[in-house]
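Undergrad: what follows is a protein structure lacking sequence information:
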């Protein structure tokens, strides 16, 4: 039962985080980027706070606020903020390929700071997965490529990996629902404050499509997505959960093919094969893997 529940949670996470990219791309026609990031985070944070209210005694804000704040800065403010800014300097395909260096970094950090096992087979699997994402993203190499954009993409991957490891490490100290709710809420407030300083609220086009898109992302991608992600991280090895996130850009590309009239390419097929090989290498223990431990 627990195994089946984990599979369903993974499938849900991969689906909603995959369709998030084309949904966000659609919404950015009607809104400045940082204000949009703050709005969707605020919606998700408010929803989770309402759900968590019956357990208000476990919030312990005075004691836990440093944990909530640091988690918000890593997983929400820097991850979404730097990502939004970086996409203005670098083609989306290349940017997403660099961001999905995150599972490789997550595997390394989990080995160094969480004591998770690291074998040559697992590391090979993570690198193969990154190669798969990079292969799928080669079509996005057209356009201007700047050093600033590449640096911001690396920072995005680093903050995502560090935020995940931090939540895994301190997860036993706080209620997981309140941790997710507060980091999203605090992150949303910070992003909205920053966006209000550099962008104009009057630039937002409040039509039905934009509102529906933003509410959907706030509820399913932000609130439920992050809660499920951290739940999976708490219950299993962070590096193994991270390996499945390689499927997220695959879902994103297929969704774009269906709804945004993009095309299936040979790169996409090769990338899919590499990602499937990656997941097998990371999650299936072959006998020789015990003898080739990096530790």
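TA: Sure thing, it's come through. Since the structure is predicted, the reported quantities are computational estimates derived from the model, not experimental observations.

Undergrad: can you give me the strands in the stretch 1-150 of the chain?
TA: Residue ranges of strands cannot be listed for the stretch 1-150 of the chain, since DSSP state E, counting those that start in this stretch assigns none.

Undergrad: pLDDT score for the most centrally placed residue in the chain?
TA: Nearest to the centroid of the C-alpha atoms of the chain, with distances taken as Cα atoms, centre = their mean, sits residue 160, at 6.6 Å. pLDDT, residue 160: 92.

Undergrad: go ahead and confirm it touches residue 102.
TA: Yes. Between residue 160 and residue 102 there is a contact at 4.7 Å, judged by Cβ atoms under 8 Å. C-beta: built from backbone N, CA, C; applies to glycine.

Undergrad: give the buried residues for the helix or strand hosting the residue nearest to the centre of the chain.
TA: Per DSSP states H and E, residue 160 falls inside helix 147-170. For helix 147-170, a neighbour-count test (16 or more other Cβ atoms under 10 Å) marks 149-150, 152-168 as buried.

Undergrad: what does stretch 45-62 rub up against?
TA: By Cβ atoms under 8 Å, 6 or more residues apart in numbering, the residues outside stretch 45-62 that reach it are 68, 174-175, 177-178, 180-182, 184-188, 218-219, 222-223, 227.

Undergrad: okay, and which of the residues you listed map to helices?
TA: For the contacts of stretch 45-62, membership in helices holds for 68, 177-178, 180-182, 184-188, 227, with DSSP state H as the criterion.

Undergrad: give me the longest helix you can find in this structure.
TA: Using DSSP H, we find that the single longest helix of the chain is helix 2-27.

Undergrad: what comes up buried for that one?
TA: Quick answer for helix 2-27 (16+ other Cβ under 10 Å): 9-10, 13-24, 27.

Undergrad: tell me the least confident of those residues?
TA: residue 21 (75).

Undergrad: and the gap between that one and residue 197?
TA: When Cβ to Cβ, to the nearest Å is the yardstick, residue 21 and residue 197 sit 26 Å from each other.

Undergrad: ditto for residue 41
TA: Computed as Cβ to Cβ, the residue 41 to residue 197 distance reads 17 Å.

Undergrad: with neighbour numbers in mind, choose between these two.
TA: residue 41 (29 against 8; other Cβ atoms under 10 Å).

Undergrad: OK, contacts around the closest residue to that one other than its chain neighbours?
TA: Counting by Cβ to Cβ, 6 or more residues apart in numbering, the nearest residue to residue 41 once its immediate chain neighbours are dropped is residue 188, at 3.2 Å. Residues in contact with residue 188 (Cβ under 8 Å, 6+ apart) are 38-45, 76.

Undergrad: switch to 7 Å and redo it
TA: Contacts were defined as Cβ atoms under 7 Å, 6 or more residues apart in numbering; by that measure residue 188 touches 38, 41-42, 45, 76.

Undergrad: do the same with residue 200
TA: The contact partners of residue 200, taken as Cβ under 7 Å, 6+ apart, number zero.
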